[in-house]
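Enquirer: A structural model of the following input is requested.
(one chain, ligands or ions: 1)
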Amino acid sequence: MTDCLFCRIVAGELPATVVRETDTTLAFRDINPKAEVHVLVVTKEHYVDIATLATADRELTSDLMETVAVVAESEGLLADGFRTIFNTGLYGGQEVDHVHAHVLGGEPVGPMVCK
Ligand code: AMP
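Expert: Residues are numbered from 1 along each chain as shown. Just a heads-up that it's a prediction; the model follows:
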């Protein structure tokens, strides 16, 4: 059994509020939402981060971004806009080492970076 949190969600071993599933991706609500809408989009296959994924598998990277777009549409975010974030590594503040896009919206989400 893997100790990767998001692999365990993908495997159905841990609960999640799933909003979209494709053959290669899963989108579910963040457990600690930072905006009215806060969805995480992950690849079902484990990659550590977006840099690793994007250099290893273009098609899967495209699948991930397509799911971001479809979720933004289904969550009603297209009219007013939304933010997509890939936290990467230590300085990026990444806490879960399984590539994931944060999709945030439903209200103004504030300045791009707070220091
Ligand atoms: P990051 O800091 O970019 O690695 O983001 C990890 C995100 O995963 C955080 O926003 C957490 O709130 C979220 N998270 C952690 N555990 C869970 C969980 N079991 N279900 C949904 N989201 C989670």
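Enquirer: for the helix ranked longest in the chain, which helices and strands make contact with it?
Expert: Ranked by residue count under DSSP state H, the longest helix found in the chain is helix 58-74. Using 3 or more CB pairs under 8 Å, 6 or more residues apart in numbering; DSSP states H and E, the elements in contact with helix 58-74 are strand 18-21, strand 25-29, strand 37-43, helix 50-56, strand 100-105. (Each C-beta comes from the backbone N, C-alpha and C, glycine too.)
Enquirer: with mean pLDDT added, can I get those in a markdown table?
Expert: As requested, the helices and strands packed on helix 58-74 are exported to a markdown table (pLDDT from 0 to 100):
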| stretch | mean pLDDT |
| --- | --- |
| strand 18-21 | 98 |
| strand 25-29 | 99 |
| strand 37-43 | 99 |
| helix 50-56 | 98 |
| strand 100-105 | 98 |
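Enquirer: and residue 72, which of these is closest to it?
Expert: Closest to residue 72 of those is strand 100-105 (CB to CB; 5.9 Å).
Enquirer: and that closest one, how far out from the chain middle?
Expert: On the basis of CA atoms, centre = their mean, to the nearest Å, strand 100-105 sits 5 Å off its chain's mean C-alpha point.
Enquirer: pairing partners for it, with directions?
Expert: If you go by DSSP bridges, strand 100-105 pairs up with strand 37-43 (antiparallel), strand 82-85 (antiparallel).
Enquirer: mind listing what's buried in the shortest one?
Expert: Judged by neighbour count (16 or more other CB atoms under 10 Å), strand 82-85 contains these buried residues: 82-83.
Enquirer: could you report the distance from residue 61 to the ligand?
Expert: The gap separating residue 61 from the ligand is 17 Å, by CB to the nearest ligand atom, to the nearest Å.
Enquirer: with adjacent residues omitted, what lies nearest to that residue?
Expert: The shortest distance from residue 61 to any non-neighbouring residue, by CB to CB, 6 or more residues apart in numbering, is to residue 54 (4.9 Å).
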